[in-house]
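Trainee: Kindly generate the corresponding structure for this input.
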Amino acid sequence: MGKIYSYRLKFYLNATHAMRWSDQIGEEHPHTWEIICQVMKKEQNHFIRFNDIEDQIQKIIEPLQNQFLNTLAPFDKTNPSLENLGDYFFDEINLQLHEINCYLHQLEIGESPTRFYVVNNE
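Mentor: Next up is the predicted model:
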């Protein structure tokens, strides 16, 4: 069996959100979400710099820094839960990485040091 290579990068998102329930909205509260991305190249012999990967991922995360997520699309209509944040970041980061001939293999997003949600690319 051959080796499989990937890049692993960690980011932090500081923002607030409030959970929506069927008949009410919770209190706005802050989080520092930890986002860990495992990135793979589409072509193994293709050279890629860590900075290039970081720049592409920051294009997705940076606009949400220090914001109230409930007021931003898609979370103005979708509950900004850990699971929905994970799905959003996985899809948006994966799409962004295609610009540099990479793809997102796995994303982990944590709302605390002990609670993470993981999304994988099959």
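Trainee: So in the chain, which helix runs the longest?
Mentor: helix 82-97 (DSSP state H).
Trainee: From residue 103, how far out is residue 31?
Mentor: Noted for residue 31: a distance of 27 Å to residue 103, by C-beta to C-beta, to the nearest Å. Any C-beta I mention is one placed from the backbone N, CA and C, and that applies to glycine too.
Trainee: Show me where the protein has its helices.
Mentor: 50-61, 82-97.
Trainee: ranking those helices by burial, who's on top?
Mentor: Stretch with highest mean neighbour count among these: helix 82-97 (a mean of 19; mean count of other C-beta atoms under 10 Å).
Trainee: Give the other helices and strands that that helix contacts.
Mentor: Other elements packing on helix 82-97 under the criterion 3 or more C-beta pairs under 8 Å, 6 or more residues apart in numbering; DSSP states H and E are strand 29-41, helix 50-61, strand 102-112, strand 115-120.
Trainee: Report the rounded mean pLDDT for it.
Mentor: Helix 82-97 shows a mean pLDDT of 98.
Trainee: Only alpha carbons, please: show it as CSV.
Mentor: Output in CSV follows, covering the C-alpha atoms of helix 82-97 (Å, rounded to 0.1, in the frame of the first residue of the first chain):
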residue,chain,number,x,y,z
LEU,A,82,-22.0,23.5,15.0
GLU,A,83,-23.2,21.0,12.5
ASN,A,84,-24.5,23.6,10.0
LEU,A,85,-21.2,25.6,10.5
GLY,A,86,-19.3,22.4,9.7
ASP,A,87,-21.3,21.7,6.5
TYR,A,88,-21.0,25.4,5.4
PHE,A,89,-17.3,25.6,5.9
PHE,A,90,-16.7,22.2,4.3
ASP,A,91,-18.6,23.1,1.1
GLU,A,92,-17.2,26.7,0.8
ILE,A,93,-13.6,25.8,1.6
ASN,A,94,-13.6,22.8,-0.7
LEU,A,95,-14.9,25.0,-3.5
GLN,A,96,-12.3,27.7,-2.8
LEU,A,97,-9.4,25.1,-2.8
